[in-house]
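[1] got a structure for you, letters missing:
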């Protein structure tokens, strides 16, 4: 198994990709893993080798504006759901992914779900991990404040903002080695903070969630929802109702996990994910 990093140019945008390639490729569909806000593809690096060892080609990009992907200015990239979906569609086309399993997590996970609802023929199975899917969801103050006028400009330029946000969502400390990777883009360039700010100010989360909740009512593809019950921002109760209403839905609860289950409970996430994919 090879865990690799590379950059892929798609039009004017450059994506940073982490990739786990099986030593002995088998006839299995690839798995595309999309990180949440304000994380990176690094959050999947424990799970990706597990997938590759079972023959799955695992691919995890940094979203445009995040991590080590392009961080265009707002006059070059709109940072709206539509812009993110278009960029993701172009990346998937560039990677020649005809059909795949899709894993999404966190508040940026809404974009991945919107893509799936618009392109069901591309999706074999959908896995949702602590992502906003209920219209009862509100953007938490911890994140909302990052987009406030004047305050947001300052907060999103502070590298420790990453530490505070990720650890607040996890409810557990994150290792210094991991935090060093997460905060590095903010230490390298001010464009990283501007991209985070532009995302929050243009993300139209309530509209996106309304589309998602409505779209899931007719969703037929096998769907696994993995939920950290200690998530301080997203309540499991409306999620239980949505999971029960899905034609081919399943809900796995992780009692000790928070908003980013893959950070501290990668083994449990991996077990649930692999069990679902192998059925």
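    Good, I have the coordinates. On a predicted model such as this, the values are computed, not experimentally measured, just so you know.

[2] In stretch 79-92, which residues are buried?
    Neighbour-count burial for stretch 79-92, counted by 16 or more other C-beta atoms under 10 Å, picks out 79-81, 83-85, 87-88, 91-92. C-beta here means a position set from N, CA and C on the backbone, and glycine is covered the same way.

[3] Pull the residues that contact it.
    8, 10-11, 13, 15, 32, 34, 61, 63-65, 77, 100, 108, 110-112, 114-115, 118-119, 122, 195, 198-199, 201-204, 207-208 (C-beta atoms under 8 Å, 6 or more residues apart in numbering).

[4] Buried residues, stretch 216-231. List them.
    216, 219, 221-228, 230-231.

[5] Same list (these) but as JSON lines, adding pLDDT, secondary structure and distance to residue 128.
    JSON lines is the format used below for these (pLDDT from 0 to 100; DSSP: H, G, I helix; E, B strand; the rest coil; distance: C-beta to C-beta, whole Å):
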{"residue": "216", "pLDDT": "96", "secondary structure": "helix", "distance to residue 128": "9"}
{"residue": "219", "pLDDT": "97", "secondary structure": "coil", "distance to residue 128": "11"}
{"residue": "221", "pLDDT": "97", "secondary structure": "coil", "distance to residue 128": "12"}
{"residue": "222", "pLDDT": "98", "secondary structure": "coil", "distance to residue 128": "12"}
{"residue": "223", "pLDDT": "98", "secondary structure": "strand", "distance to residue 128": "7"}
{"residue": "224", "pLDDT": "98", "secondary structure": "strand", "distance to residue 128": "7"}
{"residue": "225", "pLDDT": "98", "secondary structure": "strand", "distance to residue 128": "5"}
{"residue": "226", "pLDDT": "98", "secondary structure": "strand", "distance to residue 128": "7"}
{"residue": "227", "pLDDT": "98", "secondary structure": "strand", "distance to residue 128": "9"}
{"residue": "228", "pLDDT": "98", "secondary structure": "strand", "distance to residue 128": "12"}
{"residue": "230", "pLDDT": "98", "secondary structure": "coil", "distance to residue 128": "17"}
{"residue": "231", "pLDDT": "98", "secondary structure": "coil", "distance to residue 128": "13"}
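
[6] quick one: which of those residues is nearest residue 152?
    Nearest to residue 152 among these is residue 231, at 23.3 Å by C-beta to C-beta.

[7] my read: that closest one touches residue 130, true?
    Yes - counting by C-beta atoms under 8 Å, residue 231 touches residue 130, with 5.3 Å between them.

[8] Which residues are in contact with each of the two?
    257-259.

[9] starting at the chain centroid, how far to the helix or strand hosting residue 212?
    According to DSSP states H and E, residue 212 maps onto helix 205-216. Distance, stretch centre to chain centre, for helix 205-216: 16 Å (C-alpha atoms, centre = their mean, to the nearest Å).

[10] Let the chain start at 47 from now.
    Fine by me, first position is 47 from now on; the one you just mentioned is helix 251-262.

[11] got any ranges where the stretch 197-325 of the chain has weak pLDDT?
    By pLDDT under 70, the stretch 197-325 of the chain has no low-scoring segment.

[12] And the helices in it, which stretches?
    Using DSSP state H, counting those that start in this stretch, the helices of the stretch 197-325 of the chain run over residues 197-201, 206-216, 222-234, 237-248, 251-262, 283-291, 307-310, 312-324.

[13] so what's residue 275 closest to, chain neighbours aside?
    residue 301 (5.1 Å; C-beta to C-beta, 6 or more residues apart in numbering).

[14] The one you found: how many residues sit nearby?
    Residue 301 has 10 neighbours, counted by other C-beta atoms under 10 Å.

[15] any idea how far it lies from residue 102?
    Applying C-beta to C-beta, to the nearest Å, the value for residue 301 to residue 102 is 27 Å.

[16] And stretch 61-73, end to end?
    Using C-alpha to C-alpha, to the nearest Å, the end-to-end distance of stretch 61-73 comes out at 26 Å.

[17] tell me the centre residue of the protein?
    Residue closest to the mean C-alpha point of the chain, counted by C-alpha atoms, centre = their mean, is residue 81 at 2.5 Å.

[18] Pull out the buried positions in stretch 98-109.
    Applying a neighbour-count criterion of 16+ other C-beta under 10 Å, one finds 98, 100, 102-109 buried in stretch 98-109.

[19] Which two of these have the greatest separation?
    Largest separation among the buried residues of stretch 98-109 by C-beta to C-beta: 100 and 109, giving 26.0 Å.
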